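Novice: sequence first, then the predicted structure, then my questions.
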Amino acid sequence: MKLTKSNRRLRIRRGIRNKIVGTSERPRLAVFKSNKAVYAQLVDDSKGHTVAAANSIELGSTASNIENAKQVGAKLAERAKAAGIASVLFDRSGYQYHGKVKALADGAREGGLKF
């Protein structure tokens with residue numbers, strides 16, 4: 001198998017997912033970036049369902065940029081507080097921790113989530 005950029009990220013993602021498991025007390029904050037949007041969700045892996053989710057499309061954004069990623073993080077933190085969640089495990093899904101991923105994490109921290 002040729003190691004392309006996407007295959008490399010998927011391989012890293014699988015390794016991360018083998019180590020990180022979200023629970024009902026401390027769910028996993030999963031990040032996904034596309035060319036058009038940034039998505040984040042809190043996943044309870046023990047029950048197999050999503051606790052809260054947010055994305056840049058529902059915020060009325062047409063661009064996937066750092067400012068929108070920060071707003072997504074803040075919106076997710078707001079929804080997590082409403083669900084009674086204060087602490088999460090951060091799953092960057094194989095993306096480097098800078099740019100949009102870092103902005104999303106900073107927005108979530110400013111919203112009150114603890115990593």
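Specialist: Structure received.

Novice: contacting residues for the closest residue in space to residue 67 that isn't next to it in sequence?
Specialist: Ranked by C-beta to C-beta, 6 or more residues apart in numbering and with sequence neighbours excluded, the top spatial neighbour of residue 67 is residue 103, at 7.5 Å. Placement of C-beta: from N, CA and C, glycine included. Neighbouring residues of residue 103 by C-beta atoms under 8 Å, 6 or more residues apart in numbering: 66-67, 69-70, 73.

Novice: and with 10 Å instead?
Specialist: 38, 65-73 (C-beta atoms under 10 Å, 6 or more residues apart in numbering).

Novice: any idea how far residue 48 is from residue 102?
Specialist: 29 Å (C-beta to C-beta, to the nearest Å).

Novice: those two - which one has more neighbours?
Specialist: For residue 102 versus residue 48, neighbours defined as other C-beta atoms under 10 Å are more numerous around residue 102 (17 against 7).

Novice: closest to residue 22 among the contacts of residue 103?
Specialist: residue 73 (16.9 Å; C-beta to C-beta).

Novice: phi and psi next, for the residue with the shortest distance to the centre of the chain.
Specialist: Residue closest to the average C-alpha location in the chain (C-alpha atoms, centre = their mean): residue 31, at 2.8 Å. Dihedral pair for residue 31: phi -110, psi 140, per degrees, to the nearest 10.

Novice: in the longest helix seen in the chain, what counts as buried?
Specialist: Determined from DSSP state H, the single longest helix within the chain is helix 66-82. Residues 66, 68-77, 79-80 are the ones in helix 66-82 that count as buried (16 or more other C-beta atoms under 10 Å).
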